[in-house]
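Student: structure for this input, please:
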Amino acid sequence: MIAIYCRTSLDANENKVSRKIQLDEVLKTLKNQGITEPYEVFEEIASAKDIKHRPVLRSVLENIQGSKYTQFWSMSLDRISRKLVDLLYIFEVCKENNVLVNTVKEPLDQQNLMMRDLQIQMIGAVREYQRETIGEYLEIANKVKSEKGLWLNGSAPYGYSYSKGKVTVVKSEAKVVKKIFELYIAGMGYQKIASYLNESGIQYRKQKSFERYHIRNILKNEKYVGKIVNRFGEFNGQHEAIISDHMFNKAKKIRETKRNTYRKKIDYLGLTCICPHCGRRLSQVQKNENRYYYCSSEQLTNAHERYYVNATSLENKVKNALLDWIGQKDRLAKMKHDYRQKFVEFDSRNKNKLRYLESQKEAIYTKYYQDKVTVEELALTIEKLDKEIVSIEHNENLKQMELSSSQEVLRELAENIQNYFSENDWVNLVDKVELTTEKEVSEIYAHGIPLLDKSNSQFILSSKI
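Tutor: Predicted coordinates for the structure are as follows:
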């Protein structure tokens, strides 16, 4: 009995060959080779990235282990799997149960098992590489599409429709979009515009009422001025604009003004101060003539004791700490040196780990070729080691990015820090202020960099607020 396996993918990046075509190709090859054994066909729609989520393939392997089949056929190896470790495992299962594996596209040497295993490893490695690079090619294709002013997907915002790669304006919706911009420029807010449209009998798509976030998203969407804005940059789209640049920019300026005004009304430093009890950002409240930063979670959940900090006192202490920090000789040069030294040490440790892991891979391959480990043990070990290598390389990249970012921030601080202390601009230097339960300042972060050297007592603000 022959098992014929046909698979199409859920992955949009993978070239699809219908299961019927796959079956026809296998049957034609069997006929040409004079193979007349009865066969069973197994069809599956699944990604080739692993066998964990492929119940049909797992069922075939169980039947192979039950000695039901003598041959296992597919149109190509990538129909079986695009992952090398899975291919090796599948072939080992078949070998242990005396089942021949063959494909239409890659005829395997069934007489020389060592040569066949080498073929599988080479082809499997290529297929796995192809799968990984498909995503890279897709990214390049999307960048080219963006540069040509084409949309990357078929999701069209209110006012447009998208069909077969063509974007057209929906005239009835376009009128509403223009009305939204006009009302916003005239002074109405998101919620009032949504209510006005609903009361006027104008509905959003799918018979839904307009919501506040619908209005906000429409006012922020550059597609309405004929632009394509995404991770690749800003490009002139091929679609027709609904709103003029002048109207869009006017609405944008109003939004930014409202946002900045709102921020100024909220607080001074409050949004950057952290509650030591729960980690929540402190809010601000005015009581009589005094401002306070307080944790609202105590009122909401009764999670911890009442926590209030006098705003004026806190702000003065943070500002004085920053001035003291500025007065320290060679402070930035020392911080740069320390950051660089930490990275060098981190990089050295990582290189030693990578060398060790690579030697482990060489050792397990040697054991496999000496028949001291099974292909399943080889596959599991290689997969584990590769994951560790990828994790280390990823951490290395993150650390390098962190170092570059820190050095850039320190360079900017060195050049511009005195300018921060004109009027109240110093507040823009502070990202976050950490406090203790005794209401002491424990750390100040400027553009993500901690400024207080806790090993040096002169930097610590130990006085209570």
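Student: just give me the neighbour total for Ile202.
Tutor: Under the neighbour criterion other C-beta atoms under 10 Å, Ile202 is assigned a count of 16. Quick note: C-beta positions are derived from backbone N, CA and C, even for glycine.
Student: that one and Lys208 touch, don't they?
Tutor: No - checked against C-beta atoms under 8 Å, the pair Ile202 and Lys208 is beyond contact range at 11.2 Å.
Student: following the helix or strand where Lys145 lies, which helix or strand comes up?
Tutor: Assigned by DSSP states H and E, Lys145 belongs to helix 113-147. Scanning forward in sequence from helix 113-147 by DSSP H and E, the next helix or strand is strand 160-163.
Student: what does the next helix-or-strand element following that following strand rub up against?
Tutor: Next helix or strand after strand 160-163 toward the C-terminus (DSSP H and E): strand 166-169. Strand 166-169 is contacted by residues 151, 156, 159-161, 237-240, 242 when judged by C-beta atoms under 8 Å, 6 or more residues apart in numbering.
Student: likewise stretch 200-214?
Tutor: 158, 176, 190-191, 193-194, 197-198.
Student: mind checking the SS state of Asp431?
Tutor: Reducing the assignment to helix, strand or coil with DSSP: H, G, I helix; E, B strand; the rest coil, the entry for Asp431 is strand.
Student: what's the local residue count around it?
Tutor: With other C-beta under 10 Å as criterion, Asp431 counts 13.
Student: I'd say it and Glu443 touch.
Tutor: No - in this structure Asp431 lies outside contact range of Glu443 using C-beta under 8 Å: 10.7 Å.
Student: and the most centrally placed residue in the chain, what's its pLDDT?
Tutor: For the chain, Arg231 is the residue whose C-alpha lies nearest the centre (C-alpha atoms, centre = their mean; 12.4 Å). pLDDT for Arg231: 79.
Student: doesn't Arg291 fall inside a strand?
Tutor: Yes - according to three-state DSSP, Arg291 belongs to a strand.
Student: what's the nearest residue to it if we skip its chain neighbours?
Tutor: With C-beta to C-beta, 6 or more residues apart in numbering as the criterion, Arg291 has its nearest non-adjacent residue at 3.7 Å, and that residue is Ala311.
Student: tally of neighbours for the one you found?
Tutor: Tallying neighbours of Ala311 according to other C-beta under 10 Å, which is how burial is gauged here, yields 23.
Student: Cys94 now?
Tutor: Burial of Cys94, expressed as a neighbour count using other C-beta under 10 Å, amounts to 19.
Student: and if you look at Leu183?
Tutor: Here the count is done by other C-beta under 10 Å, and Leu183 has 16 residues near it.
Student: quick one: it from Lys175, how far?
Tutor: Distance from Leu183 to Lys175, counting by C-beta to C-beta, to the nearest Å: 13 Å.
Student: same question for Lys192.
Tutor: In this structure, Lys192 and Lys175 are 19 Å apart, going by C-beta to C-beta.
Student: swap in Leu88?
Tutor: Counting by C-beta to C-beta - Leu88 and Lys175 are separated by 62 Å.
Student: can you check Ser209 too?
Tutor: Remark: distance between Ser209 and Lys175 (C-beta to C-beta) = 18 Å.
Student: now find how far off-centre stretch 274-290 is within its chain.
Tutor: The gap between the average C-alpha position of stretch 274-290 and the chain average comes to 33 Å, counting by C-alpha atoms, centre = their mean, to the nearest Å.
Student: for stretch 353-371, same thing?
Tutor: 32 Å.
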